[in-house]
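In: The sequence and its predicted three-dimensional model are supplied below.
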Amino acid sequence: MKSVRGPVNVREFEHAARDALDPVFYDYFASGAQDEVTTAANEAAFRRLCLVPRVLRGLGPPGLETTVLGHRTSMPLLMAPTAFHRLAHPGAELATARAAAGAGVVMIAAMLATTAIEEVAGEARKVDENAALWFQLYVQPDLGFTEAVVRRAEAAGCTALVVTVDSPALGRNERGDRNGFHDLPPGMRCENLREIGGDVRGVVLSPEISWRHLDWLRGITGLPIVLKGVLHPEDARLAVRRGVDGLIVSNHGGRQLDTTPASIDRLPVIADAVGGEIPLVLDGGVRRGTDVVKALALGASAAAVGRPVLWGLAVDGEDGVARVLSLLRAELVNALTLCGCDSPLSVPRDLVVEGGGR
Ligand SMILES: Cc1cc2nc3c(=O)[nH]c(=O)nc-3n(C[C@H](O)[C@H](O)[C@H](O)COP(=O)(O)O)c2cc1C
Ligand SMILES: CCCCC(=O)C(=O)O
(Lines give C-alpha, C1' and ligand atoms only; values in the text may rest on other atoms or scores of the structure.)
(Ligands and ions follow the chains in the order given, each with its own letter.)
Protein backbone atom coordinates (compact mmCIF):
# COMPACT_ATOMS: atom_id res chain seq x y z
CA MET A 1 0.00 0.00 0.00
CA LYS A 2 1.29 3.42 -0.88
CA SER A 3 1.98 5.83 1.97
CA VAL A 4 -0.56 8.61 2.31
CA ARG A 5 1.73 10.81 4.41
CA GLY A 6 4.45 11.26 1.88
CA PRO A 7 8.14 10.72 2.45
CA VAL A 8 9.28 10.58 6.08
CA ASN A 9 13.01 10.98 5.46
CA VAL A 10 15.44 12.23 2.82
CA ARG A 11 15.91 8.78 1.30
CA GLU A 12 12.19 8.46 0.71
CA PHE A 13 12.21 11.94 -0.82
CA GLU A 14 14.83 10.70 -3.27
CA HIS A 15 12.63 7.76 -4.23
CA ALA A 16 9.62 10.03 -4.70
CA ALA A 17 11.73 12.46 -6.73
CA ARG A 18 12.91 9.64 -8.93
CA ASP A 19 9.29 8.76 -9.65
CA ALA A 20 8.44 12.39 -10.39
CA LEU A 21 11.40 13.37 -12.57
CA ASP A 22 12.31 12.83 -16.19
CA PRO A 23 14.91 10.01 -15.86
CA VAL A 24 17.52 12.08 -17.68
CA PHE A 25 17.17 14.91 -15.17
CA TYR A 26 17.10 12.48 -12.24
CA ASP A 27 20.40 11.08 -13.50
CA TYR A 28 21.87 14.58 -13.74
CA PHE A 29 20.98 15.30 -10.11
CA ALA A 30 21.85 11.91 -8.64
CA SER A 31 24.99 11.08 -10.56
CA GLY A 32 28.62 11.41 -9.63
CA ALA A 33 31.76 11.29 -11.74
CA GLN A 34 32.85 8.07 -13.43
CA ASP A 35 32.32 5.06 -11.11
CA GLU A 36 30.60 7.23 -8.49
CA VAL A 37 32.93 5.82 -5.85
CA THR A 38 33.13 9.14 -4.01
CA THR A 39 29.40 9.84 -4.22
CA ALA A 40 28.73 6.50 -2.53
CA ALA A 41 31.62 6.98 -0.08
CA ASN A 42 30.17 10.25 1.22
CA GLU A 43 27.06 8.55 2.59
CA ALA A 44 28.87 5.34 3.57
CA ALA A 45 31.34 7.27 5.72
CA PHE A 46 28.53 8.71 7.85
CA ARG A 47 27.20 5.21 8.41
CA ARG A 48 30.65 4.04 9.50
CA LEU A 49 31.08 6.81 12.07
CA CYS A 50 29.37 6.12 15.39
CA LEU A 51 27.94 8.48 17.99
CA VAL A 52 28.71 7.90 21.67
CA PRO A 53 26.11 9.86 23.65
CA ARG A 54 26.52 11.39 27.09
CA VAL A 55 23.79 10.81 29.65
CA LEU A 56 22.09 12.54 32.61
CA ARG A 57 23.27 15.97 31.61
CA GLY A 58 19.93 17.58 32.46
CA LEU A 59 20.21 20.22 29.78
CA GLY A 60 16.67 20.52 28.51
CA PRO A 61 15.71 20.77 24.85
CA PRO A 62 18.47 21.92 22.50
CA GLY A 63 18.39 25.22 20.64
CA LEU A 64 19.55 25.01 17.03
CA GLU A 65 20.28 28.66 16.34
CA THR A 66 23.86 29.50 15.54
CA THR A 67 25.95 31.77 13.34
CA VAL A 68 28.02 30.92 10.30
CA LEU A 69 30.39 33.59 9.05
CA GLY A 70 28.55 36.06 11.22
CA HIS A 71 25.14 35.20 9.75
CA ARG A 72 22.44 34.01 12.07
CA THR A 73 20.87 30.77 10.98
CA SER A 74 17.98 28.89 12.54
CA MET A 75 20.00 25.69 12.39
CA PRO A 76 23.53 24.63 11.40
CA LEU A 77 22.46 23.55 7.93
CA LEU A 78 22.93 25.46 4.68
CA MET A 79 21.73 24.85 1.15
CA ALA A 80 24.73 23.96 -0.98
CA PRO A 81 24.74 25.56 -4.42
CA THR A 82 23.24 23.36 -7.12
CA ALA A 83 22.74 24.27 -10.76
CA PHE A 84 19.59 24.16 -12.88
CA HIS A 85 16.68 24.01 -10.40
CA ARG A 86 14.21 24.44 -13.27
CA LEU A 87 14.98 20.86 -14.31
CA ALA A 88 13.44 19.77 -11.00
CA HIS A 89 10.34 21.97 -10.86
CA PRO A 90 8.90 24.98 -12.71
CA GLY A 91 9.15 26.98 -9.47
CA ALA A 92 12.91 26.57 -9.84
CA GLU A 93 15.22 28.71 -7.68
CA LEU A 94 12.36 30.98 -6.59
CA ALA A 95 10.71 28.02 -4.84
CA THR A 96 13.98 26.99 -3.25
CA ALA A 97 14.68 30.53 -2.09
CA ARG A 98 11.24 30.87 -0.48
CA ALA A 99 11.73 27.59 1.38
CA ALA A 100 15.20 28.62 2.59
CA ALA A 101 14.00 32.02 3.74
CA GLY A 102 10.95 30.47 5.41
CA ALA A 103 13.18 28.06 7.30
CA GLY A 104 15.72 30.72 8.25
CA VAL A 105 18.65 28.98 6.58
CA VAL A 106 21.32 30.35 4.26
CA MET A 107 20.83 29.55 0.59
CA ILE A 108 23.97 29.48 -1.52
CA ALA A 109 22.64 30.46 -4.92
CA ALA A 110 24.46 28.87 -7.85
CA MET A 111 26.02 30.94 -10.59
CA LEU A 112 24.53 28.37 -12.97
CA ALA A 113 21.01 28.97 -11.74
CA THR A 114 18.08 29.01 -14.15
CA THR A 115 16.76 32.15 -12.42
CA ALA A 116 18.55 35.49 -12.16
CA ILE A 117 20.18 36.26 -8.81
CA GLU A 118 18.22 39.54 -8.58
CA GLU A 119 14.93 37.63 -8.75
CA VAL A 120 16.08 34.96 -6.30
CA ALA A 121 17.08 37.65 -3.80
CA GLY A 122 13.83 39.55 -4.27
CA GLU A 123 11.79 36.40 -3.68
CA ALA A 124 13.72 35.45 -0.53
CA ARG A 125 13.17 38.96 0.86
CA LYS A 126 9.44 38.73 0.30
CA VAL A 127 9.47 35.91 2.85
CA ASP A 128 12.04 37.40 5.22
CA GLU A 129 13.64 40.76 4.60
CA ASN A 130 16.78 39.56 6.38
CA ALA A 131 16.99 36.30 4.42
CA ALA A 132 20.62 35.31 3.93
CA LEU A 133 21.78 34.59 0.42
CA TRP A 134 25.34 33.73 -0.57
CA PHE A 135 26.48 33.55 -4.17
CA GLN A 136 28.52 30.70 -5.66
CA LEU A 137 31.02 31.70 -8.31
CA TYR A 138 33.09 29.86 -10.89
CA VAL A 139 35.91 32.35 -11.51
CA GLN A 140 36.15 32.82 -15.26
CA PRO A 141 39.33 33.50 -17.22
CA ASP A 142 37.39 36.50 -18.58
CA LEU A 143 37.85 38.72 -15.55
CA GLY A 144 35.60 41.42 -16.94
CA PHE A 145 32.74 38.97 -17.08
CA THR A 146 33.61 37.53 -13.66
CA GLU A 147 33.54 41.03 -12.20
CA ALA A 148 30.18 41.76 -13.83
CA VAL A 149 28.70 38.66 -12.17
CA VAL A 150 30.18 39.62 -8.79
CA ARG A 151 28.70 43.11 -9.10
CA ARG A 152 25.28 41.63 -9.82
CA ALA A 153 25.55 39.39 -6.73
CA GLU A 154 26.60 42.36 -4.59
CA ALA A 155 23.84 44.58 -5.91
CA ALA A 156 21.29 41.82 -5.27
CA GLY A 157 22.35 41.84 -1.62
CA CYS A 158 24.29 38.57 -1.43
CA THR A 159 26.41 38.62 1.70
CA ALA A 160 29.20 36.18 0.83
CA LEU A 161 30.92 34.79 -2.25
CA VAL A 162 31.44 31.05 -2.38
CA VAL A 163 34.21 30.37 -4.86
CA THR A 164 34.20 26.81 -6.13
CA VAL A 165 37.80 25.67 -6.43
CA ASP A 166 37.41 21.96 -7.12
CA SER A 167 36.53 22.51 -10.77
CA PRO A 168 39.58 23.27 -12.94
CA ALA A 169 37.72 21.01 -15.39
CA LEU A 170 34.29 19.41 -15.40
CA GLY A 171 34.17 15.93 -13.87
CA ARG A 172 33.41 13.12 -16.29
CA ASN A 173 29.77 12.25 -15.93
CA GLU A 174 29.01 9.01 -17.73
CA ARG A 175 25.28 8.97 -17.00
CA GLY A 176 25.13 12.34 -18.73
CA ASP A 177 27.13 10.97 -21.67
CA ARG A 178 24.88 7.94 -21.96
CA ASN A 179 21.79 10.16 -21.84
CA GLY A 180 23.24 12.73 -24.23
CA PHE A 181 22.56 15.40 -21.58
CA HIS A 182 24.97 18.23 -22.27
CA ASP A 183 22.79 21.29 -22.47
CA LEU A 184 19.63 22.77 -20.99
CA PRO A 185 16.32 22.02 -22.73
CA PRO A 186 14.78 24.77 -24.89
CA GLY A 187 13.34 27.61 -22.82
CA MET A 188 15.82 27.30 -19.96
CA ARG A 189 18.81 29.56 -19.61
CA CYS A 190 21.48 30.39 -17.09
CA GLU A 191 20.15 33.82 -16.17
CA ASN A 192 23.33 34.85 -14.36
CA LEU A 193 25.22 34.39 -17.62
CA ARG A 194 23.21 36.94 -19.57
CA GLU A 195 26.35 38.94 -20.28
CA ILE A 196 27.64 35.99 -22.33
CA GLY A 197 24.30 34.97 -23.81
CA GLY A 198 22.89 32.72 -21.07
CA ASP A 199 24.28 29.51 -22.53
CA VAL A 200 25.83 27.17 -19.97
CA ARG A 201 28.32 26.06 -22.60
CA GLY A 202 29.81 29.56 -22.38
CA VAL A 203 31.08 28.82 -18.87
CA VAL A 204 34.75 27.96 -18.70
CA LEU A 205 36.06 25.67 -15.99
CA SER A 206 39.73 26.49 -16.35
CA PRO A 207 42.88 24.91 -14.90
CA GLU A 208 44.51 28.32 -15.16
CA ILE A 209 42.53 29.67 -12.21
CA SER A 210 44.96 30.16 -9.32
CA TRP A 211 45.59 31.92 -6.01
CA ARG A 212 46.37 35.02 -8.07
CA HIS A 213 42.72 35.10 -9.13
CA LEU A 214 41.74 34.88 -5.48
CA ASP A 215 43.94 37.88 -4.70
CA TRP A 216 42.31 39.73 -7.60
CA LEU A 217 38.85 38.85 -6.30
CA ARG A 218 39.83 40.00 -2.79
CA GLY A 219 40.83 43.32 -4.36
CA ILE A 220 37.58 43.94 -6.22
CA THR A 221 35.03 42.99 -3.54
CA GLY A 222 34.53 43.55 0.15
CA LEU A 223 32.32 40.48 0.48
CA PRO A 224 33.57 37.59 2.63
CA ILE A 225 35.11 34.89 0.43
CA VAL A 226 34.51 31.22 1.14
CA LEU A 227 36.40 28.54 -0.80
CA LYS A 228 34.34 25.49 -1.69
CA GLY A 229 35.99 22.19 -2.45
CA VAL A 230 39.06 22.08 -0.23
CA LEU A 231 40.23 18.60 0.82
CA HIS A 232 43.98 19.02 1.48
CA PRO A 233 45.19 20.57 4.76
CA GLU A 234 47.94 22.49 2.99
CA ASP A 235 45.35 24.22 0.78
CA ALA A 236 43.39 25.03 3.93
CA ARG A 237 46.50 26.64 5.44
CA LEU A 238 47.18 28.59 2.24
CA ALA A 239 43.59 29.81 2.28
CA VAL A 240 43.91 31.09 5.83
CA ARG A 241 47.16 32.82 4.94
CA ARG A 242 45.53 34.45 1.91
CA GLY A 243 42.78 35.94 4.06
CA VAL A 244 39.97 33.64 2.97
CA ASP A 245 37.00 33.94 5.34
CA GLY A 246 35.72 30.36 5.40
CA LEU A 247 36.00 26.94 3.78
CA ILE A 248 33.54 24.38 2.56
CA VAL A 249 35.10 20.96 2.96
CA SER A 250 33.58 19.25 -0.05
CA ASN A 251 34.23 16.88 -2.92
CA HIS A 252 31.32 18.37 -4.91
CA GLY A 253 29.10 15.44 -3.99
CA GLY A 254 31.51 13.14 -5.85
CA ARG A 255 30.82 14.88 -9.17
CA GLN A 256 34.31 16.14 -9.90
CA LEU A 257 37.34 13.93 -9.15
CA ASP A 258 36.19 10.38 -8.50
CA THR A 259 37.90 8.34 -5.74
CA THR A 260 38.56 11.33 -3.50
CA PRO A 261 37.84 10.40 0.13
CA ALA A 262 34.46 11.02 1.69
CA SER A 263 34.35 14.68 2.65
CA ILE A 264 33.51 13.91 6.31
CA ASP A 265 36.74 11.88 6.47
CA ARG A 266 38.74 14.96 5.47
CA LEU A 267 37.08 17.24 8.00
CA PRO A 268 39.27 16.41 11.06
CA VAL A 269 42.53 17.01 9.23
CA ILE A 270 41.25 20.29 7.75
CA ALA A 271 39.97 21.38 11.15
CA ASP A 272 43.41 20.69 12.65
CA ALA A 273 45.11 22.67 9.87
CA VAL A 274 42.81 25.67 10.28
CA GLY A 275 42.91 25.61 14.06
CA GLY A 276 39.64 27.48 14.48
CA GLU A 277 40.85 30.57 12.58
CA ILE A 278 38.04 30.46 10.04
CA PRO A 279 34.71 28.61 10.00
CA LEU A 280 34.30 25.32 8.18
CA VAL A 281 31.19 23.99 6.48
CA LEU A 282 30.95 20.33 5.48
CA ASP A 283 28.96 19.00 2.54
CA GLY A 284 28.62 15.65 0.82
CA GLY A 285 26.31 12.82 1.83
CA VAL A 286 24.49 14.64 4.64
CA ARG A 287 21.09 12.91 4.78
CA ARG A 288 20.25 12.75 8.50
CA GLY A 289 20.30 14.92 11.60
CA THR A 290 22.90 12.52 12.99
CA ASP A 291 25.14 13.33 9.99
CA VAL A 292 24.98 17.02 10.90
CA VAL A 293 25.92 16.19 14.51
CA LYS A 294 28.94 14.21 13.26
CA ALA A 295 30.07 17.17 11.14
CA LEU A 296 29.72 19.51 14.13
CA ALA A 297 31.68 17.13 16.36
CA LEU A 298 34.51 16.85 13.83
CA GLY A 299 35.02 20.59 13.52
CA ALA A 300 32.40 22.13 11.25
CA SER A 301 30.29 25.15 12.18
CA ALA A 302 27.55 23.81 9.94
CA ALA A 303 26.79 21.24 7.27
CA ALA A 304 25.25 21.79 3.84
CA VAL A 305 22.96 19.68 1.67
CA GLY A 306 22.88 19.55 -2.12
CA ARG A 307 20.76 16.71 -3.47
CA PRO A 308 18.22 16.57 -0.58
CA VAL A 309 17.01 20.05 -1.57
CA LEU A 310 16.64 18.96 -5.19
CA TRP A 311 14.61 15.92 -4.13
CA GLY A 312 12.25 18.11 -2.13
CA LEU A 313 11.96 20.56 -5.02
CA ALA A 314 11.20 17.79 -7.51
CA VAL A 315 8.54 16.23 -5.29
CA ASP A 316 6.59 19.34 -4.36
CA GLY A 317 8.30 22.63 -5.18
CA GLU A 318 8.62 25.06 -2.28
CA ASP A 319 6.58 22.82 0.03
CA GLY A 320 8.77 19.83 -0.74
CA VAL A 321 11.95 21.75 0.05
CA ALA A 322 10.35 23.12 3.22
CA ARG A 323 9.42 19.60 4.25
CA VAL A 324 12.96 18.29 3.67
CA LEU A 325 14.35 21.11 5.81
CA SER A 326 11.82 20.55 8.56
CA LEU A 327 12.54 16.80 8.61
CA LEU A 328 16.25 17.47 8.96
CA ARG A 329 15.53 20.04 11.65
CA ALA A 330 13.43 17.58 13.65
CA GLU A 331 16.08 14.89 13.25
CA LEU A 332 18.77 17.31 14.41
CA VAL A 333 16.83 18.28 17.54
CA ASN A 334 16.29 14.62 18.30
CA ALA A 335 19.93 13.67 17.66
CA LEU A 336 21.35 16.49 19.79
CA THR A 337 18.95 15.66 22.61
CA LEU A 338 19.85 11.98 22.50
CA CYS A 339 23.56 12.88 22.45
CA GLY A 340 23.24 15.04 25.56
CA CYS A 341 24.02 18.32 23.77
CA ASP A 342 22.02 21.52 24.08
CA SER A 343 23.42 23.52 21.16
CA PRO A 344 25.34 23.18 17.90
CA LEU A 345 28.24 24.89 19.67
CA SER A 346 28.50 22.28 22.39
CA VAL A 347 29.08 19.12 20.40
CA PRO A 348 32.33 17.57 21.64
CA ARG A 349 34.79 15.83 19.36
CA ASP A 350 34.69 12.64 21.45
CA LEU A 351 31.03 12.15 20.55
CA VAL A 352 32.22 10.49 17.32
CA VAL A 353 34.22 7.27 17.07
CA GLU A 354 35.19 5.11 14.12
CA GLY A 355 33.23 1.91 13.93
CA GLY A 356 32.65 1.59 17.69
CA GLY A 357 36.25 1.56 18.87
CA ARG A 358 37.92 3.50 21.71
C1 LIG B 1 22.81 18.50 -9.44
C2 LIG B 1 23.96 19.17 -8.74
C3 LIG B 1 24.43 20.38 -9.22
C4 LIG B 1 25.47 21.02 -8.57
N5 LIG B 1 25.89 22.24 -9.02
C6 LIG B 1 26.88 22.87 -8.38
C7 LIG B 1 27.29 24.16 -8.81
O8 LIG B 1 26.77 24.71 -9.77
N9 LIG B 1 28.31 24.75 -8.14
C10 LIG B 1 28.93 24.15 -7.08
O11 LIG B 1 29.86 24.71 -6.50
N12 LIG B 1 28.53 22.94 -6.63
C13 LIG B 1 27.53 22.29 -7.26
N14 LIG B 1 27.13 21.07 -6.81
C15 LIG B 1 27.77 20.49 -5.61
C16 LIG B 1 27.01 20.88 -4.34
O17 LIG B 1 27.21 22.23 -4.02
C18 LIG B 1 27.47 20.06 -3.12
O19 LIG B 1 28.88 20.16 -3.00
C20 LIG B 1 27.09 18.61 -3.18
O21 LIG B 1 25.85 18.43 -3.81
C22 LIG B 1 27.01 18.07 -1.76
O23 LIG B 1 26.72 16.74 -1.74
P24 LIG B 1 25.24 16.13 -1.52
O25 LIG B 1 24.53 16.31 -2.82
O26 LIG B 1 25.57 14.70 -1.24
O27 LIG B 1 24.59 16.84 -0.36
C28 LIG B 1 26.08 20.41 -7.44
C29 LIG B 1 25.60 19.20 -6.97
C30 LIG B 1 24.55 18.58 -7.59
C31 LIG B 1 24.04 17.28 -7.03
C1 LIG C 1 28.86 23.02 -15.95
C2 LIG C 1 27.90 22.37 -14.97
C3 LIG C 1 28.48 22.35 -13.59
C4 LIG C 1 27.39 22.27 -12.55
C5 LIG C 1 27.90 21.50 -11.39
O6 LIG C 1 28.67 21.97 -10.63
C7 LIG C 1 27.46 20.14 -11.21
O8 LIG C 1 26.61 19.68 -11.96
O9 LIG C 1 27.99 19.49 -10.29
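Out: Everything's here; your move. Because the structure is a prediction, the values reported are computed rather than measured. Ligands and ions are numbered 1, 2, ... in the order given.
In: For residue 57, which non-adjacent residue is closest in space?
Out: Sequence neighbours aside, residue 340 is the residue nearest to residue 57 in space, at 4.3 Å (criterion: CB to CB, 6 or more residues apart in numbering). Heads up, the C-betas are built off the backbone N, CA and C, glycines and all.
In: Which pLDDT value goes with that neighbour?
Out: Looking at residue 340, its pLDDT reads 98.
In: Kindly report the same for residue 358.
Out: 51.
In: In contact with residue 274, which residues?
Out: 236-237, 240, 247, 280 (CB atoms under 8 Å, 6 or more residues apart in numbering).
In: can you rerun that using 6 Å?
Out: 236, 240 (CB atoms under 6 Å, 6 or more residues apart in numbering).
In: distance of it from residue 246?
Out: Remark: distance between residue 274 and residue 246 (CB to CB, to the nearest Å) = 10 Å.
In: Could you pull up the residues touching the residue nearest to residue 57?
Out: 53-54, 57.
In: Please work out how many residues are found near residue 55.
Out: 8 (other CB atoms under 10 Å).
In: tell me the SS of it?
Out: What DSSP: H, G, I helix; E, B strand; the rest coil gives for residue 55 is coil.
In: show me where the stretch 251-358 of the chain has helices.
Out: 263-274, 289-297, 307-339 (DSSP state H, counting those that start in this stretch).
In: Would you reformat those as CSV and include distance to ligand 2?
Out: Output for the helices of the stretch 251-358 of the chain, formatted as CSV (distance: least, CB to the nearest ligand atom, whole Å):
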stretch, distance to ligand 2
helix 263-274, 14
helix 289-297, 20
helix 307-339, 10
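In: Of those helices, flag the one that's most buried.
Out: Stretch with highest mean neighbour count among those: helix 289-297 (a mean of 26; mean count of other CB atoms under 10 Å).
In: Mind checking the pLDDT average for that one?
Out: 98.
In: How about residues contacting it?
Out: Against helix 289-297 from outside (CB under 6 Å, 6+ apart): 46, 49, 282, 303, 328, 331-332, 335, 344, 347, 349, 351-352.
In: how about those residues in JSON lines, adding pLDDT and distance to residue 140?
Out: Formatted as JSON lines, the contacts of helix 289-297 follow (pLDDT from 0 to 100; distance: CB to CB, whole Å):
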{"residue": "46", "pLDDT": "98", "distance to residue 140": "34"}
{"residue": "49", "pLDDT": "98", "distance to residue 140": "38"}
{"residue": "282", "pLDDT": "99", "distance to residue 140": "27"}
{"residue": "303", "pLDDT": "99", "distance to residue 140": "29"}
{"residue": "328", "pLDDT": "98", "distance to residue 140": "34"}
{"residue": "331", "pLDDT": "98", "distance to residue 140": "39"}
{"residue": "332", "pLDDT": "98", "distance to residue 140": "37"}
{"residue": "335", "pLDDT": "98", "distance to residue 140": "40"}
{"residue": "344", "pLDDT": "98", "distance to residue 140": "35"}
{"residue": "347", "pLDDT": "98", "distance to residue 140": "38"}
{"residue": "349", "pLDDT": "98", "distance to residue 140": "39"}
{"residue": "351", "pLDDT": "98", "distance to residue 140": "42"}
{"residue": "352", "pLDDT": "98", "distance to residue 140": "39"}
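In: now, the most widely separated pair of the residues you listed?
Out: Farthest apart among the contacts of helix 289-297 by CB to CB are 328 and 349. That separation is 22.3 Å.
In: other SSEs contacting the helix or strand hosting residue 226?
Out: Per DSSP states H and E: residue 226 is located in strand 225-230. Under the contact definition 3 or more CB pairs under 6 Å, 6 or more residues apart in numbering; DSSP states H and E, strand 225-230 sits against strand 161-164, strand 246-249.
In: Just say which of those strands is most tucked in.
Out: strand 246-249 (a mean of 28).
In: Show me the contact partners of that strand.
Out: With CB under 6 Å, 6+ apart, strand 246-249 has contacts from 69, 226-228, 230, 263, 266-267, 270, 278-282.
In: hang on, the earlier thing: could you list the paired strands of the strand holding residue 226 along with their orientation?
Out: strand 161-164 (parallel), strand 246-249 (parallel) (DSSP bridges).
In: Helices along the stretch 1-150 of the chain, start to end?
Out: With DSSP H, counting those that start in this stretch as the criterion, the stretch 1-150 of the chain has helices spanning 10-20, 23-30, 37-48, 92-103, 117-127, 143-155.
In: Please enumerate residues in contact with the last one?
Out: When contacts are taken as CB under 6 Å, 6+ apart, the neighbours of helix 143-155 outside the stretch itself are 117, 135, 139-140, 195, 220-221.
In: So which of those residues is surrounded by the most neighbours?
Out: The contacts of helix 143-155, ranked by neighbours (other CB under 10 Å): first place residue 135, 29 neighbours.
In: My guess is it contacts residue 158. True?
Out: Yes. The pair formed by residue 135 and residue 158 meets the contact definition of CB atoms under 6 Å, at 4.0 Å.
In: residues contacting the closest residue to residue 128 other than its chain neighbours?
Out: Leaving out its chain neighbours, the residue that sits closest to residue 128 by CB to CB, 6+ apart is residue 101, at 4.5 Å. By CB under 6 Å, 6+ apart, the contact set of residue 101 is 124, 127-128, 131.
In: now with 10 Å?
Out: Listed by CB atoms under 10 Å, 6 or more residues apart in numbering, the contact partners of residue 101 are 107, 121, 123-133.
In: which residues touch the residue in the chain that ligand 1 sits nearest to?
Out: Proximity of the chain to ligand 1 (CB to the nearest ligand atom) peaks at residue 306, 2.1 Å away. With contact taken as CB under 10 Å, 6+ apart, residue 306 is in contact with 29, 79-82, 108, 110, 250, 252-253, 255, 283-286.
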